[in-house]
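*Asks:* just need the structure, nothing else, for what follows:
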Amino acid sequence: MNLNIALTFCTYFKSIQRFVYEQETYEDCVAFCVKAGSFAYRIGEEREDVVSEGEIVVCPPYIPFHRSIIHPAEVCMIKFRATEPLPIFGKKIRVSNLLRFHEDLCRLEGCLFCDTLLKEPLFSHYCMDIICLALDGVGENSKIAVVRNYIEQNYDKEICIGALAREIGYSTPHLINKFKAHYGTTPKAFLSQVKVLKAKELLLSTDKLSREIAYLLGFADELYFIRFFKKRVGVTPKQFREYRL
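*Replies:* Next up is the predicted model:
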């Protein structure tokens, strides 16, 4: 998703018995995503807190992050850069959609010390989805999150943004402005991004033909899907699959 965020690094720890360093300061923002276990932490001079299963804590850049293991922890660490401060900076977030959170983390188990996320579209997708889950967990964004979740679950259908706006009690322009302020993109553009990511996933993980993928993504015909994909990715679906192989 386009959130004015650049992913820079990801790694997954199946079991941390103790941290090698009790304190670190990072040049990038760092999200610590806990799948199991728990650890105590302190950001800068703030009071100490505990992050545990199903929670995320985000440390802003250039602020010391103190930590110590309470129970052996399974943790994914995602580094990213943001063009402006985000509401998740310095916060501990309880993820509301635990099923999706755990699915994302399961997909990232093989992402070990990866600093080339731009070349790893699937890892990038799951990292960005976790950041979106964190954003959904703060502030008064539940209505916007409902719209986002609906688009993600119904990307293969015809979606009326006006109908979604009415469903949550917004005008269409208000929904578009709120959605863009939160996610950095419009609902329509977000739908296109979801379709592209789903197309990439199908191209990389299955041997389905372009016409089959077009049907699964809700496109009227294969040619339109190919044009749609090439406009956004720069290559045709066939070229993308060949390149990745």
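*Asks:* top helix in the chain by residue count?
*Replies:* helix 187-205 (DSSP state H).
*Asks:* give the next helix or strand downstream of that helix.
*Replies:* As assigned by DSSP states H and E, the chain's next helix or strand after helix 187-205 is helix 210-216.
*Asks:* could you chop this structure up by domain?
*Replies:* Here the domain parsing of the chain from automatic domain parsing is 5-139, 144-244.
*Asks:* isn't Glu22 up against Arg67?
*Replies:* Yes. The pair Glu22 / Arg67 is scored as a contact, 6.8 Å apart, by C-beta atoms under 8 Å. In this view, the C-beta of every residue, glycine as well, is placed from N, C-alpha and C.
*Asks:* out of these two, which sits in the busier spot?
*Replies:* Higher neighbour count among Glu22 and Arg67: Arg67, with 24 against 10, using other C-beta atoms under 10 Å.
*Asks:* related to what we said a few turns ago, redo the domains of the chain as TSV? Include mean pLDDT.
*Replies:* TSV is the format used below for the domains of the chain (pLDDT from 0 to 100):
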stretch	mean pLDDT
domain 5-139	92
domain 144-244	90
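*Asks:* where along the chain do the strands fall?
*Replies:* 5-16, 23-24, 29-43, 49-52, 55-59, 65-82, 92-94 (DSSP state E).
*Asks:* so which of those comes closest to Lys188?
*Replies:* Lys188 lies closest, by C-beta to C-beta, to one member of the strands of the chain: strand 5-16, at 19.9 Å.
*Asks:* contacting residues around the closest one?
*Replies:* Outside strand 5-16, the residues within contact range by C-beta atoms under 8 Å, 6 or more residues apart in numbering are 28, 37, 39, 69, 72-83, 105, 108-115, 117-118, 123-124, 127-128, 131, 184.
*Asks:* again, only using 6 Å
*Replies:* 28, 69, 72-82, 108-109, 111-115, 117, 124, 127 (C-beta atoms under 6 Å, 6 or more residues apart in numbering).
*Asks:* can I have the buried ones of those residues as a ChimeraX selection?
*Replies:* To isolate the buried ones among the contacts of strand 5-16 in ChimeraX, judged by 16 or more other C-beta atoms under 10 Å, type:
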select :28,69,73,74,75,76,77,78,79,80,82,108,111,114,117,124,127
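*Asks:* mind listing what His71 touches?
*Replies:* Here His71 is in contact with Gly37, Ser38 (C-beta under 6 Å, 6+ apart).
*Asks:* ok, back up a step: so what secondary structure elements neighbour the longest helix of the chain?
*Replies:* helix 142-153, helix 237-244 (3 or more C-beta pairs under 6 Å, 6 or more residues apart in numbering; DSSP states H and E).
*Asks:* go again using 10 Å as the cut-off
*Replies:* With contacts taken as 3 or more C-beta pairs under 10 Å, 6 or more residues apart in numbering; DSSP states H and E, helix 187-205 sits against helix 121-136, helix 142-153, helix 161-167, helix 172-183, helix 210-216, helix 222-233, helix 237-244.
*Asks:* out of those helices, nearest to Gln193?
*Replies:* Proximity to Gln193 (C-beta to C-beta) singles out helix 222-233 among those, at 8.2 Å.
*Asks:* many thanks, we can stop here.
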